[in-house]
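# Build me a model from this:
(chains A and B)
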Amino acid sequence: DTGVSQNPRHKITKRGQNVTFRCDPISEHNRLYWYRQTLGQGPEFLTYFQNEAQLEKSRLLSDRFSAERPKGSFSTLEIQRTEQGDSAMYLCASSPGLAGVSETQYFGPGTRLLVL
Amino acid sequence: RKEVEQDPGPFNVPEGATVAFNCTYSNSASQSFFWYRQDCRKEPKLLMSVYSSGNEDGRFTAQLNRASQYISLLIRDSKLSDSATYLCVVNTDKLIFGTGTRLQVFP
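Below you'll find the model as predicted:
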């Protein structure tokens, strides 16, 4: 399977714990995006990378959230001191990064987080 | 006001019906437009891009009116397998999603 992959697919944690999610984009895709989706809402943009550079962060991305893409390939999203409000589906997407804003983004299956 | 607004539905239609979804967006600088489909507990998948000239893909027709900042999706001859949530998406330098319109096609 050469699509976007995300791990883990599900995560249950207790409030106050730290969690880390991983995204592997489609091979040779330069752009990688993170979104969050809560029940009944569409996905909301969190941040994106062009290669290893993090180019934009949403105001939704509080200082408890950090994302990295150290070698320009896979990315991690860490949430520190989780809160119940962090419970959501975290989606990763990638695009080639060559054709500007009109490019199609391909989504991974998501990581579903439940904070108890 | 949300950047992308859609009627959340649900739209309950019989097989074979024609159904139309509408969407409005607020950022006049938006550069590209899409409809994504999302099945329950799955990731969004691109259904089709939307162009000012209108475009069709089989039973699906998308329209864009930049002056009115309005996007539409028409599904003809609905199938049971069309049941899903349809997300209107606007691209500035990132994707902005509507809340989605849920479609349920019944036999």
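
# Excluding sequence neighbours, find me the nearest residue to whichever residue of chain A sits closest to chain B.
The minimum distance from chain A to chain B, using C-beta to the nearest C-beta, falls at residue A:42 (3.1 Å). Just so you know, the C-beta spots here come from the backbone N, C-alpha and C atoms, and that holds for glycine as well. Closest residue in space to residue A:42, ignoring its immediate chain neighbours: residue B:97 at 3.1 Å, by C-beta to C-beta, 6 or more residues apart in numbering or on different chains.

# Hmm, that neighbour is touching residue A:43, no?
Yes - the pair formed by residue B:97 and residue A:43 meets the contact definition of C-beta atoms under 8 Å, at 5.0 Å.

# coming back round to it: what separation is there between the residue nearest to residue A:42 and residue B:2?
Counting by C-beta to C-beta, to the nearest Å, the gap from residue B:97 to residue B:2 is 10 Å.

# quick check, distance from stretch A:27-38 to the centre of its chain.
For stretch A:27-38, the separation from the chain centroid amounts to 6 Å (computed by C-alpha atoms, centre = their mean, to the nearest Å).

# Likewise for stretch A:34-41?
11 Å.

# cool, stretch A:10-25 as well?
In terms of C-alpha atoms, centre = their mean, the centre of stretch A:10-25 is found 11 Å from the chain centre.

# got the contact list for residue B:28?
Shown in contact with residue B:28 (C-beta atoms under 8 Å, 6 or more residues apart in numbering or on different chains): B:66, B:69.
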